[in-house]
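In: Fold the following, please.
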Amino acid sequence: MVTPPATSETRDLGDSLATLVAQRESPLIKVTEVTAWRAPSRSRRRAFRLDFADGTTLKGRRLVSEEKAERVVSMLAVAGAALPGNFPRVIAQCGDALLLEWIEGTPLNALRDVSTETLRRAGALLGALHLVSGEAAERGRPTTMDDLRERRQRAADALVHSGALAATRAERALQAAAANAPTSPPEGLIHKDFCGANLVTTPSGRLACIDNPSLGIGPLDLDLGRSWYRWNLDTESWRSFEEGYGCHRSPEEFRRHAAFWKAHVLLVAAERRQRRGDTSVDGILARLDGVLSGAAAPPTRTRLGYGRLEVVADAPDAADIEWIESFLGCGFEAGHRVAGRDPEAVAVTLHIDPETYERLQREPPPSGTQPVEAFAGDGKRFLFEPQAPQGGMTVHRWVDKPVFVLISPDGRRVVVLVRERLRRGRVAWMRVVRELAMGHAIATGGALVHGAALRTPAGVIVISGPRRSGKTTLLLSLLGQPDVEYLANDRCFLHLADAGETAAGATIRGMPTIVSLRPGTLALFGDLAERVTALRRARDLPSDGDTPGPKFGVDPHELCRLMGVGSSGQGTLRAFLFPRVVADAAEPRLVRLAPQDAAAHLRAGLFRAGHERLPAEVFVPDALRGDPAGGWAGAERVIPVVARECLCFSLELTDGTRPDDDACRQLLEELSAPGGASAPKGASA
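Out: Numbering: from 1, shown residues only. The predicted model follows:
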């Protein structure tokens with residue numbers, strides 16, 4: 001790179017930006033610095049208005065590094081393509097410098113009164129940005145919750161060290177943030193400085209974001225927290241901004257964790273201003289005090305519903321509540337927090353108590369007792385070993401796991417006891433809730449199907465079959481199609497309407513389970529495999545000593561986020577698919593099953609098919625105690641009706657491959673055809 005001779009106009013531009021200016025055909029006639037602020041440690045960051053002799057005006061920007069400039073170029077390309085006219089075009093780059101389109105307009109913070117409509121439009125623009133996929137633009141590592149935690153701690157330490165913030169106030173702010181932190185906030189393309197100073201209304205009335213050096217990938221609600229701080233709108237104005245934002249994405253998740261986001265951005269902002277010697281630090285810390293005084297205690301109880309069953313789940317930490325709501329959200333009604341306990345609901349509590357745990361651990365089990373099956377599994381057995389009763393409650397130790405479970409005589413109170421915060425404790429707590437729901441569903445009649453399910457505009461398609469029959473591969477392939485939502489991955493409940501004499505209105509409800517992704521399956525989905533690898537690195541729960549196996553498990557909510565798809569709790573049945581892997585299948589082959597064959601496939605595809613008893617032995621509903629049919633009566637009533645009246649197909653899949661987009665699209669079209677599917681090309685119906 002040959003640097004042109006410096007002139008009085010270009011001396012402040014720096015070598016890279018001066019080179020870009022020199023490459024223009026028209027000479028530069030005026031340079032006006034428009035840098036909002038420049039910290040001594042970041043003196044390279046500068047912005048200029050550049051006027052040329054031919055009447056062209058551009059924006060020149062110097063960033064901290066060439067890598068940063070490349071990232072901004074990449075991000076602006078994605079944002080600009082999705083939202084044309086709302087972000088400036090990049091004209092050229094050289095090293096750490098950019099030439100950008102100059103967008104003329106009036107900054108919103110310069111207006112005496114910003115209208116409600118303009119605020120809504122601003123909120124809608126940020127919401128639209130958050131719907132843009134930033135994967136194609138991602139350079140470097142995205143901002144993670146770990147990054148935020150470390151940055152927040154450094155800011156608090158610096159403020160205390162400088163004397164700007166008392167240690168007790170800093171500790172209170174950090175504790176409030178930790179107590180109200182989300183566990184897995186949604187991520188995407190974020191601006192990090194979306195406010196009135198960086199938004200202009202053009203002469204044509206268009207709204208444009210003119211300053212975008214911090215575009216990147218990170219938690220979406222960090223943007224809302226930054227906008228709340230930087231714009232400092234009154235309550236009514238902020239409500240208008242949120243209303244506009246809600247046109248694209250609900251602000252409810254931000255509101256739920258507002259104390260976290262506000263405390264974080266205020267601590268970091270105060271430290272930055274203090275480092276610059278800015279006198280506004282006291283005002284920022286006063287706003288922090290206001291946030292802390294209004295920070296409500298985080299909820300540690302939630303209500304979970306499955307059919308008519310209601311479970312009140314208690315835990316020591318709000319993060320536990322959010323985790324179980326997220327995990328069971330695909331199938332359960334979740335998220336309604338309650339102030340008091342419903343006496344008719346079952347209470348399931350996750351309790352951390354090292355002293356009680358150690359005492360129970362030392363007590364020998366009563367003589368003559370045998371382990372009992374605790375959770376209904378389709379292969380692996382989950383055993384509880386009965387212990388001596390405690391305080392009127394039966395006690396069970398989960399064999400080979402650091403968990404005790406205590407159950408009241410009427411079965412309406414269950415305590416999951418662990419010594420310390422480990423993933424196994426959360427999982428056991430969730431399993432108890434799910435087992436209660438499974439028992440309730442079985443007792444109300446119906447069939448528990450071992451299969452995946454997805455919801456389409458035509459109805460729910462259930463994919464049932466034994467292990468390694470291609471269920472997960474087919475599920476992931478079909479989820480890549482438009483208007484398809486996740487419903488279940490391993491088990492779902494089939495229920496007939498009315499008296500169960502007809503399949504009309506039959507419903508499928510998901511029963512959430514871990515989604516096991518085997519290496520062989522992930523190898524067929526390159527982008528998903530990369531995101532799973534990133535998730536594996538990002539998990540920060542303490543390890544309980546388990547050795548990672550050959551497959552990787554994600555919860556349903558995580559899978560939907562990884563694939564960028566929506567989820568549904570239930571829907572009306574459309575069809576059953578019974579896949580099987582065939583070594584020499586040239587392409588997916590769909591075959592309509594006769595009622596007799598369909599009934600055989602349905603029976604083989606039931607959850608725990610071949611077991612004498614359907615529910616496990618510990619959490620058995622009263623209606624099923626002593627049931628001579630072992631809980632299978634409901635399934636036996638349902639199967640003949642479904643086999644006779646519903647669409648049931650076998651589907652041959654090629655070994656070691658997955659259906660391509662054309663095959664998936666054709667399959668969905670056939671299954672959605674009015675009056676039932678005829679087989680696609682090369683198949684019989």
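In: Strands of the stretch 351-500 of the chain, residue ranges please.
Out: Residue ranges of the strands in the stretch 351-500 of the chain, as given by DSSP state E, counting those that start in this stretch, are 372-375, 382-390, 393-398, 404-407, 413-418, 447-456, 459-464, 485-488, 491-495.
In: Surely residue 58 is within a helix?
Out: No - assignment of residue 58 by DSSP: H, G, I helix; E, B strand; the rest coil gives strand, placing it outside any helix.
In: Can you tell me who it pairs with across the strands?
Out: Here residue 58 sits in beta bridges with residue 50, residue 101, going by DSSP bridges.
In: hang on, the earlier thing: closest one to residue 616 among the strands of the stretch 351-500 of the chain?
Out: strand 372-375 (4.4 Å; CB to CB). Yep, even glycine has a C-beta here, placed from its N, CA and C like the rest.
In: so what strands line up beside that closest one?
Out: In the sheet, strand 372-375 lines up against strand 382-390 (antiparallel) (DSSP bridges).
In: per-residue confidence averaged over the partner strand?
Out: Averaged over strand 382-390, pLDDT sits at 90.
In: now swap in stretch 131-140 and tell me
Out: 62.
In: shouldn't residue 224 be in contact with residue 252?
Out: No - the pair residue 224 / residue 252 is not scored as a contact, 11.1 Å apart, by CB atoms under 8 Å.
In: Between the two, tell me which one has more neighbours.
Out: Higher neighbour count among residue 224 and residue 252: residue 224, with 29 against 10, using other CB atoms under 10 Å.
In: what are the C-alpha coordinates of the helix or strand hosting the more buried one, in CSV please?
Out: Using DSSP states H and E, residue 224 falls within helix 220-231. Once non-C-alpha atoms are left out, helix 220-231 reads as follows in CSV (Å, rounded to 0.1, in the frame of the first residue of the first chain):
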residue,chain,number,x,y,z
LEU,A,220,-30.6,-10.0,21.7
ASP,A,221,-31.7,-8.5,25.0
LEU,A,222,-28.4,-6.9,25.5
ASP,A,223,-29.5,-4.6,22.7
LEU,A,224,-32.7,-3.7,24.5
GLY,A,225,-30.7,-3.0,27.7
ARG,A,226,-28.2,-0.8,25.9
SER,A,227,-31.1,1.1,24.2
TRP,A,228,-32.8,1.6,27.5
TYR,A,229,-29.6,3.1,29.0
ARG,A,230,-28.4,5.1,26.0
TRP,A,231,-31.7,6.7,25.0
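In: what's it in contact with?
Out: Helix 220-231 is contacted from outside by 109, 126, 130, 143, 148, 182, 185-188, 190-197, 238, 241, 245, 249, 251, 253-254, 257-258, 261-262, 264-266, 269, 284, 287, using CB atoms under 8 Å, 6 or more residues apart in numbering.
In: what do you get for stretch 185-197?
Out: So stretch 185-197 is contacted by 36, 75, 78-79, 107-109, 114, 122, 126, 129-134, 137, 142-143, 145, 209, 211-212, 214-223, 226-227, 230-231, 253, 257, 561 (CB under 8 Å, 6+ apart).
In: Can you give me the end-to-end span of that stretch?
Out: One end of stretch 185-197 sits 27 Å from the other (CA to CA, to the nearest Å).
In: Nice, that's everything, thank you.
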